[in-house]
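> sequence plus the predicted model coming up.
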Amino acid sequence: MLRNFRESIESRLERTINNAELAVAIELAKSDVVMNDLIFGKGVTAEQFEDVVVKCLQAMGRCAG
């Protein structure tokens, strides 16, 4: 299941990601989801979570380069 998630993320980013990048992005996305739940009282779908992970990885890439 994690492999499918990772492949989907890599496909959307059009690049490969390493385990460390993925782990950081997932942690950032989890924080975002918790904040969303606490502030707005709403959960997110798996697709929305994936969107957040992609955005985190994109932001991380901009900061690194």
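Perfect, I can see it now. Residues are numbered from 1 along each chain as shown.

> so where do the helices sit in this protein?
2-13, 19-40, 46-64 (DSSP state H).

> list the buried residues of the longest one.
Yep, that's helix 19-40 we're talking about. With burial defined by 16 or more other C-beta atoms under 10 Å, the residues of helix 19-40 counted as buried are E21, L22, A25, I26, L28, A29, D32, V33. Every C-beta, even on glycine, is put in place using the N, C-alpha and C of the backbone.

> and for the first one?
Within helix 2-13, the residues that qualify as buried are I9, counting by 16+ other C-beta under 10 Å.

> chain center to it: distance?
10 Å (C-alpha atoms, centre = their mean, to the nearest Å).

> pull the residues that contact it.
Helix 2-13 is contacted from outside by T16, I17, L22, A25, E50, V53, V54, L57, Q58, using C-beta atoms under 8 Å, 6 or more residues apart in numbering.

> distance of the third one from L38?
Looking back up the chat, that one is L22. Using C-beta to C-beta, to the nearest Å, one obtains 25 Å as the distance from L22 to L38.

> also the fourth one?
Look at A25 and L38: by C-beta to C-beta, they are 20 Å apart.

> now swap in D32 and tell me
11 Å.

> intersection of neighbour lists for those two?
With the criterion set as C-beta under 8 Å, 6+ apart, the contacts of D32 and L38 do not overlap.
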